[in-house]
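Peer 1: pasting the sequence and the predicted model now:
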2 protein chains.
Amino acid sequence: MATSFSQTEASTGGEGQYRQALMAQAETATKPDMEPDAQKPSSAYLVRVLEDDILNNVLKPGDRLDEQTLARRFSVSRTPVREALRQLASSGLLEIRRNHGATVKRVTVAELIEMFQVMAEFEGLSARLCARRALPEEIAEMRRFNEECDALAKAADHYGFYAANNRMHEVIYAASGNNFLAEESRKLRNRINVYRRHITFQPRRMQNSVLEHARIIDAIEDGNEEAAHRLMREHVDLLAGSAADVVQALETRNRK
Amino acid sequence: MATSFSQTEASTGGEGQYRQALMAQAETATKPDMEPDAQKPSSAYLVRVLEDDILNNVLKPGDRLDEQTLARRFSVSRTPVREALRQLASSGLLEIRRNHGATVKRVTVAELIEMFQVMAEFEGLSARLCARRALPEEIAEMRRFNEECDALAKAADHYGFYAANNRMHEVIYAASGNNFLAEESRKLRNRINVYRRHITFQPRRMQNSVLEHARIIDAIEDGNEEAAHRLMREHVDLLAGSAADVVQALETRNRK
DNA sequence: CTGTGCAAGTGTGTATACAATCATGCCTAG
DNA sequence: CTAGGCATGATTGTATACACACTTGCACAG
């Protein structure tokens, strides 16, 4: 399982555990009427299920989603299926082309780097706002989660670290006081999480994260906006660093 | 319901001109199959029309959009209307509550400030990326548009300035080389444009913008990422405070 | 006079039917 | 043998019909 970092998703051994972690995370923002039957809001249910399938790589990039097939599969008519597909498309997870069906969006390396850059900026702004207005209790909560991350990193618990890390960033969103930013961050984070979780498996990645978090929290506590912003951006930007920058420049700009 | 139009004309005398400017801007990103009849993609057409109506304040915040009424109005069935409404809702322009209809989202002052903060960060990142990799031709283009802005500012042509200003920022998006960022920026810009354009009318706002643009372009040309980022953020951030005033003015005006 | 309950009406959510458009495969002609 | 066109099939987009849920108004009881 340690070698599941290779780009091919051949080893799906830990899928279940990830799924549980994701579920637990999603559960917090879910309405109470999420009974196993849940017949009423059929389209909303479909959105959740399909989203999970895409995010967990059950539906792979390029897979075609046929309205009729899905309708039969879920025992509903095409109408709610259709609605769900459009919604997922507007979230950026699907691509819909006229009379060509809906396909799971293929994310290119360039696009992924682009999204990470934006994510880094989101989190950077969050950190900046935290430095400006985070309450002592909130800062204490950040430290608690980071210590949790530390313990899980030392235990080499990738799944636990992944979840704790998400919770820590969630605290930062909340403490930023900017709900719009928090919501956009969550959306984008959802989209790149399927890739982000692979990073957890990089050697020394977890330990480095804990250290970087600590520095960020220090900057927030000091009220040092610039440092908090910069450190957080660099923290998130590590994957989309300058080396990848070259790749992006080559892929998106074929000018001479 | 649709007759609440006359009241608007008095206060927004230049609506037509704005509409033209917006149309011209939107036209650039529109597919060629946009014939005057355009019966085929009914839902897409509805999205455009309703979006324009919302963005141009023809449909005011809080207005209720009834599926059946809209279906009759556009001589289509409820299905495409429904699809259009859902799409607009996911863009954040509408709010849909169960059995409560779709209403034009009321933007509070706090939300608007939040959006401007994110916008500032988007544009700041754009400027940073430009400083890293903008080509000389692109920088020259920025300067050209800024000179155009300057001329229009001196001529007190608010509408022209608004459009030229948009084009200049568009160049920066393009030169950033980050298509995802550019797309997200456009979406958010669309959502706050209805308020942003009012700012153009504030005294000395146009002249100040031209100066700030010049400094930003200088930083980009120097390859000074930090300065470009900071200057652009401050440039957009300045608008946030003004925008808050505008919202309050609009809210009080729409209430009576 | 106020609060609760019931009923009717409106409006959304889903299902099914139909039309139109695009893709695919075969046939024919060069 | 290849290329192009036509026909057929499949799939999406739209229309209409129906069922259920919510809201709103009124009435009655406390």
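Peer 2: Happy to help now that I have it. Residues are numbered from 1 along each chain as shown, chains lettered A, B, ... in the order given.
Peer 1: what does the pLDDT read for residue A:1?
Peer 2: Model confidence at residue A:1, expressed as pLDDT, equals 37.
Peer 1: Provide the backbone phi and psi angles at residue A:103.
Peer 2: phi -120, psi 150 (degrees, to the nearest 10).
Peer 1: quick one, strands of the stretch 1-150 of chain A?
Peer 2: With strands called from DSSP state E, counting those that start in this stretch, the stretch 1-150 of chain A shows them at A:64-65, A:94-97, A:101-104.
Peer 1: partner strands of the first one, parallel or antiparallel?
Peer 2: With DSSP bridges as the criterion, the sheet partners recorded for strand A:64-65 are strand A:101-104 (antiparallel).
Peer 1: what are the buried residues along the partner strand?
Peer 2: Taking 16 or more other Cβ atoms under 10 Å in any protein chain shown as the basis for neighbour counts, the residues of strand A:101-104 that come out buried are A:102-104. Using the backbone N, CA and C atoms, a C-beta is placed for each residue, glycine as well.
Peer 1: can you check stretch A:85-104 too?
Peer 2: Judged by neighbour count using 16+ other Cβ under 10 Å, the buried positions of stretch A:85-104 are A:85-95, A:102-104.
Peer 1: now swap in stretch A:187-200 and tell me
Peer 2: Judged by neighbour count (16+ other Cβ under 10 Å), stretch A:187-200 contains these buried residues: A:188-194, A:196-198, A:200.
Peer 1: residues touching the residue of the stretch 51-200 of chain A found nearest DNA strand C, list them.
Peer 2: Nearest to DNA strand C in the stretch 51-200 of chain A, going by Cβ to the nearest atom of the strand, is residue A:77, at a distance of 3.1 Å. Residues touching residue A:77, when contacts are defined by Cβ atoms under 8 Å, 6 or more residues apart in numbering or on different chains, comprise residue A:71.
Peer 1: how close does it sit to residue B:162?
Peer 2: When distance is defined by Cβ to Cβ, to the nearest Å, residue A:77 is 46 Å away from residue B:162.
Peer 1: sketch out the low-pLDDT regions of the stretch 101-250 of chain A for me.
Peer 2: Within the stretch 101-250 of chain A, the ranges that satisfy pLDDT under 70 run A:198-202, A:239-250.
Peer 1: output the set of residues of it in proximity to DNA strand D.
Peer 2: Within reach of DNA strand D by Cβ under 7 Å from any atom of the strand, the stretch 101-250 of chain A has these residues: A:101-102.
Peer 1: how about the helices in the stretch 101-250 of chain A?
Peer 2: Counting by DSSP state H, counting those that start in this stretch, the segments of the stretch 101-250 of chain A that form helices are A:109-133, A:136-154, A:158-176, A:179-199, A:205-222, A:225-237, A:242-252.
Peer 1: mean neighbour count, the ones you listed: which tops it?
Peer 2: Here the criterion is mean neighbour count by mean count of other Cβ atoms under 10 Å in any protein chain shown, and of those the winner is helix A:109-133, at a mean of 23.
Peer 1: what angle separates that one from helix A:158-176?
Peer 2: An angle of 50 degrees separates the directions of helix A:109-133 and helix A:158-176 when computed by axes from the mean of the first three to the mean of the last three Cα atoms, to 10 degrees.
Peer 1: how many neighbours does the closest residue to residue A:59 other than its chain neighbours have?
Peer 2: Ranked by Cβ to Cβ, 6 or more residues apart in numbering or on different chains and with sequence neighbours excluded, the top spatial neighbour of residue A:59 is residue A:53, at 4.5 Å. Summarising burial for residue A:53: neighbours were counted as other Cβ atoms under 10 Å in any protein chain shown, giving 16.
Peer 1: test my guess that residue A:53 contacts residue A:63.
Peer 2: No: under the criterion of Cβ atoms under 8 Å, residue A:53 lies out of contact with residue A:63, with a separation of 9.3 Å.
Peer 1: so what sits against both of the two?
Peer 2: With the criterion set as Cβ under 8 Å, 6+ apart, the contacts of residue A:53 and residue A:63 do not overlap.
Peer 1: next, count neighbours for residue A:59.
Peer 2: Under the neighbour criterion other Cβ under 10 Å, residue A:59 is assigned a count of 19.
Peer 1: show me the contacts for residue A:143.
Peer 2: residue A:217 are the contacts of residue A:143 under Cβ under 8 Å, 6+ apart.
Peer 1: now it: how far from residue A:150?
Peer 2: When Cβ to Cβ is the yardstick, residue A:143 and residue A:150 sit 10 Å from each other.
Peer 1: just to revisit the earlier point, distance to residue B:183 for the helices of the stretch 101-250 of chain A - can I get that in a markdown table?
Peer 2: Shown next, in a markdown table, are those (distance: least, Cβ to Cβ, whole Å):
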| stretch | distance to residue B:183 |
| --- | --- |
| helix A:109-133 | 9 |
| helix A:136-154 | 32 |
| helix A:158-176 | 22 |
| helix A:179-199 | 12 |
| helix A:205-222 | 28 |
| helix A:225-237 | 20 |
| helix A:242-252 | 13 |
